[in-house]
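In: this one's structure only:
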C-alpha cells in the first residue's frame, strides 16, 4: 500500500468522525435558530391580544355592601360596583365588579346616641370608616387598589320625579301619603327578609343591642392612586351602547324608544362639589362630570365621557325652626366637551342617588325636599295610649303596659312593675312629648348632596344640536 494513500484515508476517517461528533450540536443550533424566533412571535402575538388601560386617581367608585356585617374594627367587607367605570369612552370596569375591604375605624355617632338615650336605648352607636383595597376583575383575578377611606355610608336612596300631575287639595295629598305609608307597612311584612326585620325590631326595643352595618349600605370611594388594568379584549368586538340602554334592552323592548327619547339625552354624571340648601344661593353655579359616554342610535359619539355639565341653583331655602324643611332646585344650562367646545343646553334633573339618611322626594318640576311627615297622628296616638294607664276599666297590668309605650321594653317593664297608674301614664306622656318635640320644635332638615353624588340629567327635546366636528369620534368597543 502506498504510504500517501494510507495517510489520506486516515485523515478522511478522522474528519468523518469529527463531523459525526459535531452533528448533535449542529442540530441544536439549527433548532435554536428556528425556535427562538417562533417564541418571540408567540410572545408578540400574546401581547398584541392584551390591552392595558389606566383608571385615573380621584375616580369615584360607588360601592354597595353585599351582606350585613358586625360593627367591629377590622371586619372584612365585600361589596359590588354599582355603576360601570369608563376611560376614554370605553368600559374599564363593568357594574357588578366585586371589591373587598375592611373596617379601619369606628367613630362615635354622638347625635344618634343622644337621640336614642332619651328613648331608653343605651347602645353606644358608631359610624364605620371603611377602606377598600382589593378589586376582583371579571375573570376572577384579584387586583390591589389604593383608595381613600370612606365614611357616612347609608342605604342608597334613588330618587326620580313623579310624572307631571295637577295640583291636588290638602286632603287628597294627605290621603295619598296615608296610602303610601300603608303600602310601606305592608311591605315590611310581605317582602323577603321579614324574619331578619322582626329580629331587628325586637333588638330596637331593648335598652342595649349589638350594632351592625346593614346590607345595601353604600359608600362613594375615590381612588388615591391610578389603577392599571390589563385584560384581553372580547373575541367578538362589541359596539358602543346608546344612552341609557344596552343591546339586550333595546332588543327586548323595540317599541320602548319613542320619538321624544330619540330627541333627548340621558347623561349620568358626578357632582364635583357639595351643594346644600343651607349655604347655596339662587344664581350660584356648580359642575358635574359626565361619567358615561352618550351615543346616538347610529352609535356615533355625541357626548364624550369627561364632559362637564354646568348647573345653576334656581331655588334654595334653608331649614328653619318648628320643623320647616329645606328645599333645593337646580337646572343645567351648559355642556363643556373635553375638546374645549361649549354648548348651551336645557336639561332637567331626572334622577339622583342620595347618600343621606333623611328621606327626600323630588316633585315633578325637579324641586327636592325632605318628605313631609304627618305631624298630628303620631303625637295624638301616643297621647291616647298614655291615657289608657288611667283607665280604671279592664286589666290594670295590661293598661299600664299599653300606657307606658315610649321607652321600649324598659318603659313597659317600669310601668308594669311600679303598679302605679301615675308612673305608667307619665312614661306614656313623656313619649308623646318627645314625638311632639321631634315633629314640631326641632329644626327641619336641609337638602345636602355631597361631592361625587351621582345624578341623571335629561336634556329637553328642543335643545340645540351639538356640532359633530367638536366631538371626538372615538366609539370604542365595550368590554
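Out: Ah, there it is. Every value quoted in this text rests on a predicted model; they were computed, and no experiment measured them.
In: can you pull the contacts of the residue nearest the centre of the chain?
Out: Closest residue to the average C-alpha location of the chain: residue 62 at 4.0 Å, with CA atoms, centre = their mean. By CB atoms under 8 Å, 6 or more residues apart in numbering, residue 62 lies in contact with 81, 82, 83, 156, 218, 219, 220, 221, 353, 454. Yep, even glycine has a C-beta here, placed from its N, CA and C like the rest.
In: So the last one versus residue 360, what's the distance?
Out: Between residue 454 and residue 360 the distance is 14 Å, computed by CB to CB, to the nearest Å.
In: who has more neighbours, those two?
Out: Neighbours per residue (other CB atoms under 10 Å) separate residue 454 from residue 360, with residue 454 holding more: 23 against 19.
In: Now do the SS call for residue 402.
Out: The local conformation at residue 402, judged by DSSP: H, G, I helix; E, B strand; the rest coil, is helix.
In: do the one 3 residues further on as well
Out: Following three-state DSSP, the label given to residue 405 is coil.
In: okay, now the nearest residue to it once chain neighbours are set aside: neighbour count?
Out: Closest residue to residue 405 apart from its sequence neighbours, by CB to CB, 6 or more residues apart in numbering: residue 385 at 5.0 Å. Residue 385 has 20 neighbouring residues, counting by other CB under 10 Å.
In: Contact partners for residue 385?
Out: Residue 385 touches 402, 403, 405, 428, counting by CB under 8 Å, 6+ apart.
In: Give me the contact list for stretch 127-140.
Out: Stretch 127-140 has contacts (CB under 8 Å, 6+ apart) with 61, 63, 71, 77, 79, 93-94, 97-109, 142-153, 213, 219, 221, 227, 229, 231.
In: Just the buried residues from those, in ChimeraX please.
Out: Buried residues among those (16 or more other CB atoms under 10 Å), as a ChimeraX selection:
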select :61,63,71,77,79,93,97,98,99,101,102,103,106,109,145,147,150,153,213,219,221,227,229
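In: Surely residue 131 is within a helix?
Out: No - using three-state DSSP, the assignment for residue 131 is strand, not a helix.
In: confidence score at it?
Out: Here, the pLDDT recorded for residue 131 equals 97.
In: next one: residue 385
Out: 85.
In: ok, now residue 473?
Out: 45.
In: I'd like the numbering to begin with 20 instead of 1 from here.
Out: Happy to do that; since the first residue is 20 now, the last one works out to residue 492.
In: How much space separates the nearest residue to residue 139 once chain neighbours are set aside from residue 312?
Out: In space, and not counting its chain neighbours, residue 139 is closest to residue 426: 3.4 Å by CB to CB, 6+ apart. Going from residue 426 to residue 312 by CB to CB gives 55 Å.
In: Kindly report the same for residue 429.
Out: Noted for residue 429: a distance of 57 Å to residue 312, by CB to CB.
In: Between those two, which is the more surrounded one?
Out: residue 312 (26 against 19).
In: residue contacts, the more buried one?
Out: Each residue near residue 312 by CB under 8 Å, 6+ apart is listed here: 105, 108, 259, 320, 322, 323, 324.
In: and with 7 Å instead?
Out: By CB atoms under 7 Å, 6 or more residues apart in numbering, the contact list for residue 312 reads 105, 108, 320, 322, 323, 324.
In: Likewise for residue 471?
Out: Residue 471 touches 79, 239, 289, 290, counting by CB under 7 Å, 6+ apart.
In: Could you look up the SS state of the residue nearest to the first one when sequence neighbours are not counted?
Out: So that's residue 79. Spatial nearest neighbour of residue 79, chain neighbours left out: residue 471 (4.1 Å); criterion: CB to CB, 6+ apart. Under three-state DSSP, the three-state class of residue 471 is coil.
In: go on, residue 430?
Out: Counting by three-state DSSP, the backbone at residue 430 sits in helix.
In: Also residue 441?
Out: When classified by three-state DSSP, residue 441 comes out as helix.
In: what pLDDT does it get?
Out: 85.
In: mind checking how far it is from residue 423?
Out: Computed as CB to CB, the residue 441 to residue 423 distance reads 11 Å.
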